[in-house]
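Undergrad: Any chance you can model this:
(chains A, B, C and D)
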Amino acid sequence: MFKKVLVANRGEVAVRILRACRERGLETVAVFSEADRQALHVRYADEAYLLGPAPSRESYLRGDKIIKIAKECGANAIHPGYGFLAEREDFARDCESEGITFIGPKPATIATMGDKRIARSIVIKAGVPVVPGTENIESLTDEQLLEQSKIIGFPLLIKATAGGGGKGIREVQNIKEMPSLLKSARGEAEASFGNGELYLEKLVKGARHIEIQVLADTHGNVIHLGERECSLQRRHQKLLEEAPSSFIDAELRAKMGEVAIKISKAVDYINAGTIEFLVDKEKNFYFLEMNTRLQVEHPVTEMVTGVDIVAEQIRIARGRRLKYTQADIRIKGHAIECRINAEDPYNDFLPSTGRITHSLLPTGPGLRVDTGVYPGIEITPYYDSMIAKVIAWGETRGQAILRMRRALEEYRIVGVRTNIPFHQTLMDSHRFMGGQYDTRFIEERFSMKETEDDKKSNGEIAAILATLVAHSEAQKAAQIVRRNERDTSNWKWVGRWERMHR
Amino acid sequence: MFKKVLVANRGEVAVRILRACRERGLETVAVFSEADRQALHVRYADEAYLLGPAPSRESYLRGDKIIKIAKECGANAIHPGYGFLAEREDFARDCESEGITFIGPKPATIATMGDKRIARSIVIKAGVPVVPGTENIESLTDEQLLEQSKIIGFPLLIKATAGGGGKGIREVQNIKEMPSLLKSARGEAEASFGNGELYLEKLVKGARHIEIQVLADTHGNVIHLGERECSLQRRHQKLLEEAPSSFIDAELRAKMGEVAIKISKAVDYINAGTIEFLVDKEKNFYFLEMNTRLQVEHPVTEMVTGVDIVAEQIRIARGRRLKYTQADIRIKGHAIECRINAEDPYNDFLPSTGRITHSLLPTGPGLRVDTGVYPGIEITPYYDSMIAKVIAWGETRGQAILRMRRALEEYRIVGVRTNIPFHQTLMDSHRFMGGQYDTRFIEERFSMKETEDDKKSNGEIAAILATLVAHSEAQKAAQIVRRNERDTSNWKWVGRWERMHR
Amino acid sequence: MSETQAIGNGSAVGNECTVNLDFFMKYISTVNDTEYLIEIIDDSHISINGRVLSVDFKPVIGQPVFSLLVDGKSYEGFVYPGEEEWEVLLMGRQYPVIVEDEREKRLKAAAGSSIHDNGEYFLKSPMPGMVITVPVEEGQQIESGQVLLILESMKMQNELKSPREGIISRIRVAPGETVEQRQILLCIK
Amino acid sequence: MSETQAIGNGSAVGNECTVNLDFFMKYISTVNDTEYLIEIIDDSHISINGRVLSVDFKPVIGQPVFSLLVDGKSYEGFVYPGEEEWEVLLMGRQYPVIVEDEREKRLKAAAGSSIHDNGEYFLKSPMPGMVITVPVEEGQQIESGQVLLILESMKMQNELKSPREGIISRIRVAPGETVEQRQILLCIK
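TA: Take a look at the predicted model:
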């Protein structure tokens, strides 16, 4: 039984896992890149070791170094978090051969489900429908993909075989777009996963992206924790998740849960995993892929079930039985997660970098914030732009929305632009409130532009605010100029002037 | 039905109530003293009005001004929070006569339960035992109290008739101490409540301070939400509360709950209230007093029952039926609240004032922080020293303690000293872990001194930290001196020197 | 308060002085084509289109977050200086506000529309990152919304689009190059 | 690195220079009667009682919070300057640390115990507040732990106690008086 856990990750998920370890009395080890010396995960761990320079390839993707550190400091388990090495079969295998417990599924399972094409064929064999696409063909060339695209028909999606987190996905409207999009998808897949292989999938219109959380122990027990609604995406990046989905009733939940358990059993799945489905308007569901790791959005499930998923991951990895049976799992209330990204929603969602100078977290009843940043931290271009997750729980979906609305209004981050205004606009959208959305909603039927009503009421206040700021700036400038005119002979004033312009 | 609520309070409780109002779509009004212009409650409310200078008597205790503001801005309900005007019959009555809903019990109930002597006699009539003390004598003089003290016997407690929040309480060991302690208790009672009347109560040794939360609507429904364990006190100030109490079993809980409901019905209680009991080692319980308002420690009950007590207060004040029946109330898991005060646990818990320059809140699963401060806020000597409450929930008491421990370790407040180290020491205490404590524990059997083990392991690290800080300070000083020696002729350097010494 | 008095107050060395200059007191502020005439009366009063309001204005948690009480209503906004306007982020909405002092605005109006920008647009890097591709060439005619450059940052490929039509006059970076924030990438005429 | 080199590096105007002065490099630090000889070797190494450790020391969220990695172990502490010692708050415990540079300490030891404080203790107000009572008189003999003054602050009456025995030499405040933080309240000889 391991006593010391190394967390092979950074940011909010590293902090999340460190907390779970600490709350179970386990010793913790952090690893960090040169850019992350002051990061929260370094501060919160019992031990912390430098991996290398900022770029992931030289730090967080250096599995060899991480295993070496684990061995040297006596950490006999590694939690990979999500991203980075979480779905790398070779890394899991190296851990195993060095006698280190990998907190996740068996390497073979990672390999099977990590190759999206193999995963699809296994699931088809188990009798579960998949979204039509390229099947059972290895290492497709651009020419083969072009051929296949004609068979599948447009619109379709190009996806990375080793994909995850929305990286390497391209939507194609017609055959003319294929060559350039194949090229850019391969580039992104290569950069993100070190593997440029691609496959194609039919684009299902008006569909919802629903995933089922499963937990499986080493004693053959597999349970599911219900679904998460993850349809709110932009460029295939999830932005907001809910549990439960307002689209799924108890019957469909039970049915999808059973299928998720069946798939997990088919691959001898162990630990926490997620089965992603597309659900069409007629409530037919199709297997998309399985994520063999902890998900970013796991907290919404934790909030409605009371299950601490990371604690269960540790429990399972220690060879113990699941704490819960399927009958213990009850969905109570509703939870929503907003991903707070350092990006400017008024400027095409371009990433924003800089130093966070102030931050005021929303707190109080029914709220949870998972974050890895604090005032003083620099947001660099090296890693993901997600800097925090705000999770609100309510007795009903309506209460959760109202709570999230007040949380977003309270949250202040100074130093970088964030997508908080995007989430605020979303919370006010009637379609969102009504639960009427699919995976195309953000890109096709959502706008950051304010309504005529907003313009009138707050335009005046905005004008006053800007005018008062401009006025006080002008006053300050006038003071400096006047002082300087008066006092150029006096070096004290010169020093002050110089200081102001540094 | 009211639409706009004025919160007649400041600090964390004002923020707590504003949030509850906002989450129910109610408009909110804050009031503030000159010291509180930048306080969180002013920033979070829809409207905010200045009351007057910093001292409470000139601001938060000015019921007349508050009612005037409410009428002028159209607020048709007032939530008093705790402290200040929360248990002032005259204020509640003035609200009523001005047609403003007072979110709390009827003025007559406040008067009855507010006079601790009248409350005791009503409870005795209802057949509930009380702690022996002075009964049914009005306006006791010092001479009468001296006489009574001989009958009751020592040790005993002097208490303020209008008391609350531990103010005006003195513990007396023998008759010689009586005169001076009567004087100081009267002074504190006068200063805190504008009423210097006192009464006496026998000091029950080895007792626990347990309170029952009740909710009562205007339709005659009264329920209880179980107990809170509040025995951990210092100078009669609560420091840590838990729900449930490890000392109370289901049978005793049900019995005490029934008695609490009986007392509430005896005084036609409406809204949220708390009945405080002393429970001796043999599990006999005695009525102490009823608090006719929201309690500081209400979040622990919210965490284990899922009931939003402030939301229920609003619901009841709107004349609606309780959302829950007694059968709906189930205790799930365990919650602990630590009150974070601006006081120095290493210097006799003296209050600490100053500007908060940084703050890092503990976040993540199962944690809640209620606070009214943020970096930039000045902690002044005008108000209570409580600046935040950390509440941790766990599936078991052990899990809650482990979670609280990691939360306290994460929490950083820079600018004032806090009692966080006190709570950390408490979390490590074997007696606390075992649940073996009574109201005398902190003062008699608890010490902030570290054990021999701590000294050894971390003394070395402390020495290194202090040495590195001293070394870098010495280096900085040396740089300045050397620069100055070298560069006195150069005004650029002089400017820099001057700047450093400002 | 007259100008002379104000400067008199400020003459103590090291003491911040308050200069109230009359000609700074009236502003015309424009939000989405709506103009507001705003006059600063004193520290706690302004008028907007002739309506006098009582205001209490304070920076909180450091710039750029400001708290504003207007006749009791409590607002809090981020106010960022933009290139030509102020961006105000208020209750989850962003408002572009052009603030001009009244005299300046009158002078400009008198001068007519003779002032024009010279028509050159510089595409600056919105963040540090690496140039992936530049799908345009010097001399090429481009349309508004056309992708000019793909920049990788935070593991994402970001398309930088043209805000207007024109001709690429110069390209200053090449694929594979690392660029700093605000570095000029290319110019459009 | 020699002293001369270090100053040479710093000669570029506006560039912070690192001065490593040899005589500042050895310290004797005392925690609760335990002495540690600590030597600063370079930016990332120290020795403690002759044992070499690799250290990585950084201020975080501004002074006084410091992060310290010692051979991989991660610690974070508050370090406050006290009157005569440093107060280190570490994992919920406070440690008083006296840091002396070795040379100074040796000189002091050589001078013997002739250096003595003149025996006067000044009771300073730990916070702003109002004096409620002063239960002692000038000239009165007092014991360690005896209450000298009651101060009201944050709605609490706080007893200020004597840290040692002695005689009240002077009382500088009276009941009802408002006092500032660190104001001297009375003296003990």
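Undergrad: Now do the contacts for residue A:42.
TA: Counting by Cβ atoms under 8 Å, 6 or more residues apart in numbering or on different chains, residue A:42 touches A:30, A:32, A:36, A:48, D:67, D:69, D:74. The C-beta positions use only the backbone N, C-alpha and C, and glycine is treated the same way.
Undergrad: Just confirm it is within a strand.
TA: No - assessed with DSSP: H, G, I helix; E, B strand; the rest coil, residue A:42 is helix; it does not lie in a strand.
Undergrad: Looking at it now. What's its pLDDT?
TA: Here the pLDDT value assigned to residue A:42 is 96.
Undergrad: how much space between the closest residue to chain C within chain A and residue A:191?
TA: Distance from chain C to each residue of chain A (Cβ to the nearest Cβ) is smallest for residue A:424, at 2.8 Å. Residue A:424 is 32 Å from residue A:191, where distance means Cβ to Cβ, to the nearest Å.
Undergrad: Tell me how far residue C:131 lies from residue C:169.
TA: 18 Å.
Undergrad: Tell me which of these two has more neighbours.
TA: residue C:131 (19 against 15; other Cβ atoms under 10 Å in any protein chain shown).
Undergrad: My guess is the more buried one contacts residue C:172. True?
TA: No - Residue C:131 is beyond contact range of residue C:172, at 10.1 Å (criterion: Cβ atoms under 8 Å).
Undergrad: if we can go back for a sec, reformat the contacts of residue A:42 as a markdown table; add secondary structure and neighbour count.
TA: Formatted as a markdown table, the contacts of residue A:42 follow (DSSP: H, G, I helix; E, B strand; the rest coil; neighbours: other Cβ atoms under 10 Å in any protein chain shown):
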| residue | secondary structure | neighbour count |
| --- | --- | --- |
| A:30 | strand | 30 |
| A:32 | strand | 23 |
| A:36 | helix | 27 |
| A:48 | strand | 25 |
| D:67 | strand | 20 |
| D:69 | strand | 23 |
| D:74 | strand | 22 |
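Undergrad: residues bridging contact with residue C:131 and residue C:172, i.e. touching both?
TA: residue C:185.
Undergrad: Tell me the pLDDT of residue C:6.
TA: Residue C:6 carries a pLDDT value of 34.
Undergrad: Next, count neighbours for residue 78.
TA: No chain specified, so I'll use chain A. Neighbours of residue A:78 (other Cβ under 10 Å): 31.
Undergrad: not what I meant, chain C
TA: With other Cβ under 10 Å as criterion, residue C:78 counts 19.
Undergrad: Bridged to it, which residues?
TA: Beta-bridge partners of residue C:78, counted by DSSP bridges, are residue C:65, residue C:89.
Undergrad: give the contact list for it.
TA: So residue C:78 contacts A:414, C:64-66, C:87-90 (Cβ under 8 Å, 6+ apart).
Undergrad: Now do it against residue C:46, distance only.
TA: Taken as Cβ to Cβ, the span from residue C:78 to residue C:46 is 20 Å.
Undergrad: and if you look at residue A:22?
TA: In terms of Cβ to Cβ, residue A:22 sits 52 Å off from residue C:46.
Undergrad: cool, residue A:209 as well?
TA: 49 Å.
Undergrad: Also residue A:28?
TA: For residue A:28 relative to residue C:46 (Cβ to Cβ), the value is 55 Å.
Undergrad: And for residue C:142?
TA: For residue C:142, the distance to residue C:46 - Cβ to Cβ - is 45 Å.
Undergrad: quick one, which of the two is more surrounded?
TA: residue C:46 (23 against 19).
Undergrad: I'd assumed residue C:36 was in contact with that one.
TA: No - using Cβ under 8 Å, residue C:46 is not in contact with residue C:36, being 10.3 Å away.
Undergrad: Mutual contacts of those two, please.
TA: A:464, A:467.
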